[in-house]
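Q: Got a predicted structure here, sequence first:
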Amino acid sequence: MKGMKTMSDARIVEAVLSGDTSEYEVLVARYLGVVRSVCYSYEFNSVAREDLIQDSFSDAYMKLNALRDGSRFGPWLTQITRNNCKSWVRKQQYRRAV
């Protein structure tokens, strides 16, 4: 993993898709701040925020083979995070209505 920290997102995505799944942690470390910031912008409580952060990275990992351009991992992950946050808000609004 030592050389992976300087590798591009596209090369890390390739490595993960080729079976070196441990390299995904490089992407997690690289984008944790971004994902956390998106979740903070929705003003969730700390438990919900941490769950959404985990869910976003998990969803991205599970859908990684659908990413056409590995160099776009950051914006793609950010959009997954936004979608997860919006979905959480909708679910909370529905629960309050019921």
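A: Structure received.

Q: So in this protein, which helix runs the longest?
A: helix 73-97 (DSSP state H).

Q: got a list of contacts for that helix?
A: Identification of contacts with helix 73-97 by Cβ atoms under 8 Å, 6 or more residues apart in numbering yields 9-10, 12-13, 27, 30-31, 34-35, 38-39, 42, 44, 48, 52-53, 55-57, 59-60, 63, 67. Quick note: C-beta positions are derived from backbone N, CA and C, even for glycine.

Q: from those, which would you call buried?
A: Buried members of the contacts of helix 73-97, scored by 16 or more other Cβ atoms under 10 Å, are 9, 12-13, 27, 30-31, 35, 38-39, 42, 44, 52-53, 55-57, 60, 67.

Q: Next step: the residues you listed restricted to helices.
A: Going by DSSP H, the helices hold 9, 12-13, 27, 30-31, 35, 38-39, 52-53, 55-57, 60 from these.

Q: Show me the shaky parts of this structure.
A: Scanning the chain for pLDDT under 70 picks out 1-5, 95, 98.

Q: ok, the ones in helices among the buried ones among the contacts of helix 73-97 vs D20, which is closest?
A: Nearest to D20 among those, counting by Cβ to Cβ, is I12 at 8.9 Å.

Q: ok, now which ones touch that closest one?
A: Contact analysis of I12 by Cβ under 8 Å, 6+ apart lists M4, E23, Y24, V26, L27, G70, F73.

Q: Present these as CSV; the columns should include distance to R90.
A: Converted to CSV, those look like this (distance: Cβ to Cβ, whole Å):
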residue, distance to R90
M4, 37
E23, 34
Y24, 28
V26, 32
L27, 27
G70, 30
F73, 26
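
Q: Can you tell me which of the residues you listed are buried?
A: Among the contacts of I12, the ones that count as buried (16+ other Cβ under 10 Å) are M4, E23, Y24, V26, L27, G70, F73.

Q: Chain neighbours aside, what residue packs nearest to the third one?
A: It refers to Y24. V16 (5.1 Å; Cβ to Cβ, 6 or more residues apart in numbering).
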